[in-house]
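Engineer: Build me a model:
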Amino acid sequence: MSSGDTDEASTVSSQAPCHSVPENEISIWSDEVQVQQEKRKVLNDTVQTLTDGQTSPILSTLNTTWDDISSTQQKYYQRKAKETIMTALSVISPGQEEKLWHAVRKEATIGSAQESSTRRKSFDPSSSIIDSLVKAYEQATSWQTEADPFNLRQ
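Structural biologist: Have a look, this model is predicted:
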């Protein structure tokens, strides 16, 4: 290393920001990245085995929100997800992957609709809407509704 290199290195280090990320946060983040990489390797090895090497490996893990990536990146992740899912389905139901996938997706859609419709709906008795309904009931002169409640026919 020449003296010019030493001067350059000291200049770079002296220009480093004074604040730094705590070491324990760096450790947690790097541990998470390592775990993601290990899981992705297991998934890639499994897909490679199941497809006899016909599928290219997944090269990255999506660590940001879907809406923050480009359409090209979205297409990449969609393609890799479809390849991986179809590989798993081919083990479960060889030659009928599309039918099984359609059935799974249909059940998931129906399941979420049924869940929301069967969920018990309740009102908070202390809410203002309940108070308003009680007052309206108490002030009613009849159990019937008027055809012209605002007396617009004057």
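Engineer: can we go C-alpha only for contacts and neighbour counts from here?
Structural biologist: Noted.
Engineer: Using neighbour counts, pick out the buried residues of stretch 96-103.
Structural biologist: 97, 100 (16 or more other CA atoms under 10 Å).
Engineer: residue ranges with poor pLDDT in this structure?
Structural biologist: The chain contains residues with pLDDT under 70 at 1-29, 110-131, 133, 142-154.
Engineer: Which residue ranges of it form helices?
Structural biologist: Along the chain, counting by DSSP state H, helices occupy 3-14, 23-50, 71-92, 97-118, 128-139.
Engineer: packing partners for the second one?
Structural biologist: Spelled out, that is helix 23-50. Secondary-structure packing of helix 23-50 (3 or more CA pairs under 8 Å, 6 or more residues apart in numbering; DSSP states H and E): helix 71-92.
Engineer: List the contacts of the closest residue to residue 55 other than its chain neighbours.
Structural biologist: Spatial nearest neighbour of residue 55, chain neighbours left out: residue 48 (6.2 Å); criterion: CA to CA, 6 or more residues apart in numbering. The neighbours of residue 48, taking CA atoms under 8 Å, 6 or more residues apart in numbering as the test, are 54-57.
Engineer: Now, of these, which are buried?
Structural biologist: So, by 16+ other CA under 10 Å, the buried ones in the contacts of residue 48 are 55, 57.
Engineer: In TSV: the contacts of residue 48, plus distance to residue 82.
Structural biologist: Listed next are the contacts of residue 48 as TSV, based on distance: CA to CA, whole Å:
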residue	distance to residue 82
54	14
55	11
56	12
57	13
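Engineer: Out of the contacts of residue 48, which sit inside strands?
Structural biologist: Judged by DSSP state E, those include no members of strands.
Engineer: Could you single out the nearest of the contacts of residue 48 to residue 30?
Structural biologist: residue 57 (21.9 Å; CA to CA).
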